[in-house]
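Chemist: have a look at this fold, sequence not included:
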């Protein structure tokens, strides 16, 4: 489980979640298990500790691997 350090970063990764940047520039999370869209981040920049969908940290449960 990811833990906040209080210094602007997290230790560890958030599991079971990925994020992508929407056309409007905001970041949105997606549940890897169901593919369900989760909250949209309103502040600038991506979520901390959540894998980006196209960075290679996706697990076998991520949407890119559903047909495999």
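Modeler: Now that the structure is in, tell me what you want to look at. Keep in mind that what you see is a predicted model, and the values were worked out from it rather than measured.
Chemist: what residue is smack in the middle of the protein?
Modeler: Closest to where the C-alpha atoms of the chain average out (C-alpha atoms, centre = their mean) is residue 18, at 2.7 Å.
Chemist: hang on, it packs against residue 53?
Modeler: Yes - between residue 18 and residue 53 there is a contact under C-beta atoms under 8 Å: 4.6 Å. Bear in mind the C-beta positions are built from the backbone N, C-alpha and C, glycine included.
Chemist: name the residues linked to the residue nearest to the centre of the chain by a beta bridge.
Modeler: On the basis of DSSP bridges, residue 18 is bridged to residue 30, residue 51.
Chemist: tell me the mean pLDDT over stretch 22-39?
Modeler: For stretch 22-39, mean pLDDT is 91.
Chemist: in it, which residues are buried?
Modeler: Across stretch 22-39, burial judged by 16 or more other C-beta atoms under 10 Å covers 27-30, 32.
Chemist: any idea which of these is the one closest to residue 38?
Modeler: Ranked by distance to residue 38 (C-beta to C-beta), those are led by residue 29 at 3.9 Å.
Chemist: what are the phi and psi angles of the residue nearest to residue 4 when sequence neighbours are not counted?
Modeler: Of all residues not flanking residue 4 in the chain, residue 10 sits nearest, at 5.8 Å (C-beta to C-beta, 6 or more residues apart in numbering). Dihedral angles of residue 10 (phi, psi; degrees, to the nearest 10) stand at phi -110, psi 150.
Chemist: how near is residue 10 to residue 39?
Modeler: Using C-beta to C-beta, to the nearest Å, residue 10 is found at 17 Å from residue 39.
Chemist: cool, and residue 54?
Modeler: 20 Å.
Chemist: same question, residue 9
Modeler: Residue 9 is 20 Å from residue 39, by C-beta to C-beta.
Chemist: then residue 28?
Modeler: Relative to residue 39, and taking C-beta to C-beta, residue 28 is found at 7 Å.
Chemist: ok, now residue 18?
Modeler: Residue 18 is 13 Å from residue 39, by C-beta to C-beta.
Chemist: again, but for residue 15
Modeler: 17 Å.
Chemist: anything in contact with each of residue 18 and residue 39?
Modeler: Residues touching both residue 18 and residue 39 (C-beta atoms under 8 Å, 6 or more residues apart in numbering) are residue 29.
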